[in-house]
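Q: Sharing a model prediction with you, sequence too.
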Amino acid sequence: MIEKDASDGRAVRATLKDVAAYAGVSLTTISLYLSGNTHVCSRETADRIVEGIYRVNYARGIAALNRDQSAERADSNDDSSGSNGGTATSRRATAARTGESVPASGASEGTSFPLRRMRAVGLAIPSSDRDLLDPLQPARSDLSEAVWLGASQMAEWEDRQILLYPASMRNSPDPAPFLDGSISSLILASISGDPRPALLAAAGLPVVLLNRCEEIPDGCGAVFALEDDVAQLALSHLWGLGHRRIAYLAGPTLTPQASDIATRRLERYRVWLRVRGVGDDTLVLPGTSWDGHEDEARLREGIEAMFTLPHPPTAFFCASNALALRLITHLRALGLSVPNDISVVGVGDSAEARGANPALSCVQLPGEEMGREAVRLALRLAEGMPAEGAKARVAVPVTRFAARDTTATLTGSSPIAEESDAMVEA
């Protein structure tokens, strides 16, 4: 067994690069082989990979080979008649495919490792967020936690493992941490322009993008909330309260950092109101972030400008709860009361939204359902389903709306309502 030592005498862990150097193959080939894609290399190459894993004592590789024993027992029984001969290296390579137990290099013949194909799904999403993307935001959202819960449920039902990646890996532009053979597929929260999904898919790792709906790279699947439902729930609630002048804070819809989710949400808002004959782009305020912290001055100026219009808005639909809460602060600074003067609706849910004064009315995104569908799709892709077409693009219905204290019936008692009476009557 090859041992590595640091200059100060401490033991140094072997890495995938050490295995690659020993076996004379690429990191991608080793990663795919450990993921159960044994067709990516010849029998001789498989021999060298498994030999290298044990020779350099690559712990993560040994662990990957030792996963999934129960699922491979049937294969082991079917193939056992052909695995008695050959070298020890050949037997280990065969065992990686069939689930046999064989002696490790450097171990006595009585020592064995039950080799198994791994069954882990990688999960790279923030533990807290504003938009399911930024783990450094201070306010916790229910969405990531709900996604995690749903993913855990599906993994339990399907007898799979979930491997949760830390921020140092999920936020790094380097795709290498996901290609060490620990997972058979990956669920990744990724923004538009992120190069990692395409690189990972090209390396053969099935990837499911969470909260992405457009420009999905080849080889990737996607799970996202159905934005038609989001607009329908928010706008029909305000419409039913008598509001017709409904403004929209659109979130990150300005290039070059536009979010495809934010862009589609804006499109659905426009279509919904246009069909009813009251669309007005002077009531749309685009931005560059989900919580407005990057556009503070422009956000404030844009909100103030809307109240100089001949027919100012009586309600706001906001692309996120964070934007909605920031909006309420600006409205108070203008001397406007929520919901007496202005009604406000957000998207998402959080303890901050529920605990606000007044408590925020909002569309509740289906986090648990998204988590379950993401794992289900990841497993299908790992089993060989093509990552294209409708089956690899899962739009999850949105059905829940929390009507709280930031929305009220338009009465005409406020100056803003009086200025908009003509629009209400229409």
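A: Alright, I've got the coordinates. Numbering: from 1, shown residues only.

Q: List phi and psi for the residue nearest to Gly287 when sequence neighbours are not counted.
A: Closest residue in space to Gly287, ignoring its immediate chain neighbours: Asp295 at 4.7 Å, by C-beta to C-beta, 6 or more residues apart in numbering. From N, CA and C alone the C-beta is placed, and that goes for glycine too. Note on Asp295: backbone dihedrals following degrees, to the nearest 10 are phi -120, psi 30.

Q: For Asp295, give me its contacts.
A: Contacts for Asp295 were tallied using C-beta atoms under 8 Å, 6 or more residues apart in numbering; they are Gly287, Thr288, Ser289.

Q: Take those and lay them out in a markdown table including pLDDT and secondary structure.
A: Listed next are these as a markdown table, based on pLDDT from 0 to 100; DSSP: H, G, I helix; E, B strand; the rest coil:
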| residue | pLDDT | secondary structure |
| --- | --- | --- |
| Gly287 | 89 | strand |
| Thr288 | 85 | coil |
| Ser289 | 84 | coil |
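
Q: Pick out whichever of those residues sits closest to Asp180.
A: Nearest to Asp180 among these is Ser289, at 33.1 Å by C-beta to C-beta.

Q: which secondary element of this protein has the worst mean pLDDT?
A: strand 113-114 (a mean of 33; mean pLDDT, DSSP states H and E).

Q: in its sheet, what does the next helix or strand after that strand sit against?
A: Per DSSP states H and E, the first helix or strand lying C-terminal to strand 113-114 is strand 120-124. The pairing partners recorded for strand 120-124 under DSSP bridges are strand 161-164 (parallel), strand 185-189 (parallel).

Q: Distance check, Arg326 against Gly287.
A: 10 Å (C-beta to C-beta, to the nearest Å).

Q: any shared contact partners between those two?
A: Contacts common to Arg326 and Gly287, judged by C-beta under 8 Å, 6+ apart, are Leu299.

Q: For the stretch 201-350 of the chain, which segments count as helices?
A: Secondary structure of the stretch 201-350 of the chain (DSSP state H, counting those that start in this stretch): helices located at 227-240, 260-275, 296-306, 321-333.

Q: Give me the contact list for the last one.
A: The one in question is helix 321-333. Here helix 321-333 has contacts from 130, 137, 139, 141, 249, 251, 287, 290-293, 299-300, 303-304, 316, 318, 337-338, 341-342, 344-350, 352-353, 356, 360, 362, 406, using C-beta under 8 Å, 6+ apart.

Q: Over to the second one?
A: Helix 260-275 is contacted from outside by 131, 192, 211-215, 224-225, 227-228, 230-232, 235, 246, 248, 250-253, 279-281, 284, 286, 290, 317, 319, 347, using C-beta under 8 Å, 6+ apart.

Q: Any figure for the gap between the spatially closest residue to Ile53 that is not a sequence neighbour and Val50?
A: Leaving aside its chain neighbours, Ile53 sits nearest to Gly61 (3.9 Å; criterion: C-beta to C-beta, 6+ apart). For Gly61, the distance to Val50 equals 9 Å [C-beta to C-beta].

Q: same thing with Val396?
A: Taken as C-beta to C-beta, the span from Val396 to Val50 is 40 Å.

Q: what's the answer for Ala374, then?
A: 31 Å.

Q: How about Gly302?
A: Counting by C-beta to C-beta, the gap from Gly302 to Val50 is 61 Å.

Q: Neighbour count: these two, which is higher?
A: In this view Gly302 and Val50 are compared by other C-beta atoms under 10 Å, and Val50 has more residues nearby, 31 against 17.

Q: With only the CA atoms kept, save the helix or strand that one falls within in CSV.
A: According to DSSP H and E, Val50 maps onto helix 43-55. Extracted in CSV, the C-alpha atoms of helix 43-55 (Å, rounded to 0.1, in the frame of the first residue of the first chain):
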residue,chain,number,x,y,z
ARG,A,43,-12.0,-4.3,-18.4
GLU,A,44,-8.2,-3.7,-18.3
THR,A,45,-8.8,0.0,-17.3
ALA,A,46,-11.3,-1.0,-14.7
ASP,A,47,-8.6,-3.4,-13.3
ARG,A,48,-6.1,-0.5,-13.0
ILE,A,49,-8.7,1.9,-11.4
VAL,A,50,-9.7,-0.6,-8.6
GLU,A,51,-6.1,-1.6,-8.1
GLY,A,52,-5.1,2.0,-7.8
ILE,A,53,-7.8,2.8,-5.3
TYR,A,54,-6.5,0.2,-3.0
ARG,A,55,-2.8,0.7,-3.7
